[in-house]
Each structure stands twice: as C-alpha cells, then as structure tokens.
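Student: Below is the sequence, then the predicted model.
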Amino acid sequence: MAYQQSTQSRYGHCDSYFVDSHDDGIYAIRAEARERARAIARMQQRALAEDLSRITSEEYQEDIMDHMEHMESQTMPDVNSIDIQTEIQWFMRPYLLDFLVEAHAAFQLLPETLFLAVNLLDRYCSRRVVYKRHYQLVGCAALLIAAKYGDRKDRVPTVRELKSMCCSLYDDEMFTQMEWHVLQTLNWMIGHPTVDAFLQLALSELAYDPEVEHMTLYIAEIALFHKEFVSTRPSVLARSALALARCILSRTQAKTSEWAGVYDPQTVMSLSNHLYQSSQVLSRKYSSMHLSNVSTTVDDFLQRQAQIARRAAAPPTPPATITIEEPKPTTDAYLGPQTPQKTHYGAVMQHGCLTPPITPENEQFGQGNVAKAQVLPPHMYPSTPTPDHPSNVQQPQYYHNTYLQPQHV
C-alpha cells in the first residue's frame, strides 16, 4: 500500500498504461531536419573529396602518365605469336568480338572493361596455344576477369549467365578452370591502361562533350576488329581516334602543345579507311540515343565524302553542240564492251554476325556442304592470312555457313 502511494505521488494518477502524445509532429520535424543535415554533410564531404582528388591528380599528373605509358609497353600482346597459332585464325576474331560486344552491352559494363577484356584475350593467345573450340571460352574468361577487376560488383556476370549466352557449350567448371589458367598465364598481371583511360585524360583538359567521347569510343572499338591495330599502343590509338572524331564532328583540333594534340597521322588515316568496314553489331550499339547516335553520324559523313569525291572526279561538261545521232543497231548490241557490275551482299548479313561465334570443325568441310555454303562478303572484314592447303581441299570460303552452327564440346 505504501509502494502504491509512493508511485502515485511520483508519477501522478494514471488510469491507463498507454499515454497519447500530441508531440509526434515535433519529433518528425526534428528527424527530418537531422536527415537533411546529414545529406548536406555527405554532399560537402563528397565535394571536398573531389577537390582533393583533383588537386592530387594535378600534382601527380606527370608521374601517373609515365606509369601508364610504362604499363602499356609491358602489357602489349605479340602479333607475331598470334600468327603462329595452329587452329585459330584472324578471320575468327570478328565473330568472337561481336559476341563480346553483345555480352558487354547486355551486362551494361563500363567501356574500359571491353578494352581490357580484349587485351587479356590477345595476351593469352600470345603465350598459349588455343584450340578453336576453346576460343569463345577464353573470351568469356577474359570478360569475366576484366569485369571483376574494374567494374561494379552488381554488374559482374555470373558463370551461369555466361554459360547461357554460350548455349551451354561449356560446363561451369570449364569457366572456372579457364579463368584460373588465364590469370596464371599472365602472372596475375591484369592492370592495363586502356584506350578509355587515356581518352579520359585527354578530355579532362577541355569542356565535356559527350558526342566527341562517344564518337572516339566508336572508332576505337572498330579498331579492335582489325589486326593492324592489335600492336598499336592505347595512348597512340586514343589520341588518333580523338583527332578523327573531332574531324568528323567538325570540332576544333587540340593544340600541338597539348598531350591530346600529338597524334599519329598514319594511324588516323588507317582508322578512317576502316570506317567503311564497321561491324553491324557495333553499328546497332552506337545507333542509340544515349550514345549520341554516332554510327548514323559516321554514315552521313561517309556519304558526304563520297559525293565530294564523285564531283571531283567527274569530267567537265562539254559545250552543247547539235549532232545527228545515227540509228544504233539492235541485233549486235550485245557484242559491245560492257562494264562488269559488282554483286551485292545485302541479303547475306542483314542483322549482323550471329552469335555465339562457334568455330568450325575440320570434318564439316566435306563435299556435302558445298551447296549450302555462302561466301563471306569481302567488304565486311579485311582478308586475313590463312594456312596453305592442298589443292584438293576446300578453302575457307565455306566457313561463313558452318562457322555459325552450334557445336558441343
């Protein structure tokens, strides 16, 4: 009884253990103010970190550039070693790269991930003998390693997803074993300054122009498909592609005193010559609005250049004279010389290269496949060296049809 009186005197009389409070609005306002203050503090910290990073990068800019140029010389593939591969040939490369470009776009990976994956693929092929049935597996392992190295964790593809994209041609353990074998072959040296890394350094000196950046990346990815650019350093390729992109978009070129203005004219000419041989997969990728629709811009530029070339090559118009035309014979008209017409291959590759790029097997090139074979259009990809074959064996003109047939390992 005494305890009850003491509690009542201390806390007062209360008929219920649940007390209705009318101050909930005040607590909500205070909580919202605290959350707003925290958000402002995070923004200030982020801005401060960016300023410190910019100041530090400017201070160590020369050291960073020297290290990147040293690393690119240490991590370049050897084209001569790839030439002596027994099974894989250069004509197989566009098919595999089309597959990697589609996979890279499907997983929404960073641009530098694609360049690093191709570098890992070429470096592995420079040191190991690769069978054509494992060529696609090596490409998937290189893409997986590159995504793990520098991309976001939530976008790294899983083995199950890669297996599905390869039509279940390889088991889960094969992806893991190939990934480990690639890392061991390269001595776990994955870091490589890509074209995108040098491009960001060149664009950091000027105002941000997304169209120039997307055009440069489009030209640099076109260069991945051709053998002559495999041994080109990324720093040279980035500056040359940037100069060509500015020319196509009618932008002013960088000064020769700047790092971005020192480009290789020969590389620029080689890149411009390969604009006509762009992959259909790349054209579809860069025809989207979020990539500034640069593939359509390149097509319009090439059409304008062709019209200018035709006008320059056209003969002068002769003066108008009155002439009497003699009747032309109709029976012997076929005896005159005729200009041969080139065949069109538009119906062969309407939707780009099919994927996955399964490599052909030797037993598929028998006499029974001659009727079903199709010739690869020469304007799609440049001719590549192939090993000499006896005269009684079919040449690789039948690879296009059989190369795309799915096979099981």
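Tutor: Cool, the structure landed.
Student: Report the contact partners of R233.
Tutor: By CB atoms under 8 Å, 6 or more residues apart in numbering, the contact set of R233 is 72-73, 76. Using the backbone N, CA and C atoms, a C-beta is placed for each residue, glycine as well.
Student: Which of the residues you listed ranks first by neighbour count?
Tutor: Among those, the one with the most neighbours (other CB atoms under 10 Å) is E72, at 20 neighbours.
Student: ok, back up a step: can you list the contacts of R233 in JSON lines and add secondary structure and pLDDT?
Tutor: Output for the contacts of R233, formatted as JSON lines (DSSP: H, G, I helix; E, B strand; the rest coil; pLDDT from 0 to 100):
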{"residue": "E72", "secondary structure": "helix", "pLDDT": "87"}
{"residue": "S73", "secondary structure": "helix", "pLDDT": "86"}
{"residue": "M76", "secondary structure": "coil", "pLDDT": "91"}
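Student: Among these, find me the one that's closest to I219.
Tutor: E72 (18.5 Å; CB to CB).
Student: check contacts around that closest one.
Tutor: Applying CB under 8 Å, 6+ apart, the residues contacting E72 are 192-193, 233-235.
Student: follow-up on the earlier one: dump the contacts of R233 to a markdown table, plus distance to R155.
Tutor: Converted to a markdown table, the contacts of R233 look like this (distance: CB to CB, whole Å):
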| residue | distance to R155 |
| --- | --- |
| E72 | 25 |
| S73 | 30 |
| M76 | 27 |
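Student: Can you tell me which of the contacts of E72 comes closest to F115?
Tutor: P234 (7.3 Å).
Student: Verify the stated contact: that closest one with A197.
Tutor: Yes. P234 is within contact range of A197, at 7.4 Å (criterion: CB atoms under 8 Å).
Student: neighbour-wise, which of the two wins?
Tutor: More crowded of P234 and A197, by other CB under 10 Å: P234, with 24 against 20.
Student: Show the backbone phi and psi for that one.
Tutor: P234 adopts backbone torsions of phi -60, psi -30, taken as degrees, to the nearest 10.
Student: Distance of the residue nearest to it when sequence neighbours are not counted relative to D122?
Tutor: Using CB to CB, 6 or more residues apart in numbering and skipping the chain neighbours, the partner closest in space to P234 is V195 (4.6 Å). Distance, V195 to D122, by CB to CB, to the nearest Å: 14 Å.
Student: With neighbour numbers in mind, choose between the two.
Tutor: V195 (32 against 20).
Student: distance of the more buried one from Y149?
Tutor: V195 is 16 Å from Y149, by CB to CB.
Student: for Q45, same thing?
Tutor: 27 Å.
Student: Comparing the two, which shows the higher neighbour count?
Tutor: Under the criterion of other CB under 10 Å, the comparison of Q45 against Y149 puts Y149 first, with 16 against 10.
Student: tell me the contacts of the more buried one?
Tutor: 116, 190-191.
Student: Sort out which of these are buried, if you could.
Tutor: 116, 190 (16 or more other CB atoms under 10 Å).
Student: Generate CSV for the contacts of Y149, with secondary structure as supplementary columns.
Tutor: CSV is the format used below for the contacts of Y149 (DSSP: H, G, I helix; E, B strand; the rest coil):
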residue, secondary structure
L116, helix
I190, coil
G191, coil
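Student: Check the contacts of Y149 against I219 and report the nearest one.
Tutor: Out of those, the member with the shortest distance to I219 (by CB to CB) is L116, at 18.1 Å.
Student: The closest one against M189, yeah?
Tutor: No. Look at L116 against M189 with CB under 8 Å: they stay out of range, at 12.0 Å.
Student: could you show me where the strands are in this structure, in order?
Tutor: For the chain, strands defined by DSSP state E do not occur.
Student: domains in it, as residue ranges please.
Tutor: Domains of the chain are assigned by automatic domain parsing as 74-192, 193-313.
Student: rank the ones you listed by pLDDT, which is bottom?
Tutor: Mean pLDDT values for the domains of the chain show the minimum at domain 193-313, a mean of 88.
Student: how long is that domain end to end?
Tutor: End-to-end distance for domain 193-313, by CA to CA, to the nearest Å: 44 Å.
Student: Distance from that domain to the middle of the chain?
Tutor: 13 Å (CA atoms, centre = their mean, to the nearest Å).
Student: I'd like the numbering to begin with 316 instead of 1 from here.
Tutor: I'll keep to 316 as the first residue from here, and by that count the last item is domain 508-628.
Student: neighbours around the nearest residue to A517 once chain neighbours are set aside, how many?
Tutor: In space, and not counting its chain neighbours, A517 is closest to A575: 3.8 Å by CB to CB, 6+ apart. Residues contacting A575 under the criterion other CB under 10 Å number 22.
Student: list the contacts for A575?
Tutor: Here A575 is in contact with 517-518, 520, 554, 557, 569 (CB under 8 Å, 6+ apart).
Student: go with 6 Å
Tutor: 517, 554, 569 (CB atoms under 6 Å, 6 or more residues apart in numbering).
Student: got a markdown table for these, with neighbour count too?
Tutor: Output for these, formatted as a markdown table (neighbours: other CB atoms under 10 Å):
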| residue | neighbour count |
| --- | --- |
| A517 | 22 |
| R554 | 26 |
| A569 | 19 |
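Student: can I get those in JSON lines with distance to Q581?
Tutor: Putting the contacts of A575 into JSON lines (distance: CB to CB, whole Å) gives the following:
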{"residue": "A517", "distance to Q581": "19"}
{"residue": "R554", "distance to Q581": "13"}
{"residue": "A569", "distance to Q581": "18"}
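Student: Against V497, how distant is S368?
Tutor: 32 Å.
Student: So between these two, which is more surrounded?
Tutor: Shown here are S368 and V497; by other CB under 10 Å, V497 has more neighbours (23 against 10).
Student: ok, longest helix in the protein?
Tutor: helix 339-374 (DSSP state H).
Student: Centre of the chain to it, how far?
Tutor: 36 Å.
Student: quick one: average pLDDT of it?
Tutor: On average, helix 339-374 scores 83.
Student: would you put the C-alpha positions of stretch 580-593 in CSV?
Tutor: Coordinates of each C-alpha in stretch 580-593 appear next as CSV, following Å, rounded to 0.1, in the frame of the first residue of the first chain:
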residue,chain,number,x,y,z
PRO,A,580,48.7,10.9,-88.9
GLN,A,581,49.3,7.4,-90.3
THR,A,582,47.1,5.9,-87.6
VAL,A,583,44.4,8.5,-88.3
MET,A,584,44.4,7.6,-92.0
SER,A,585,44.2,3.8,-91.2
LEU,A,586,41.3,4.4,-88.8
SER,A,587,39.5,6.5,-91.4
ASN,A,588,39.9,3.7,-94.0
HIS,A,589,38.3,1.2,-91.7
LEU,A,590,35.2,3.3,-91.0
TYR,A,591,33.6,1.6,-94.1
GLN,A,592,34.1,-1.8,-92.5
SER,A,593,32.2,-1.3,-89.2
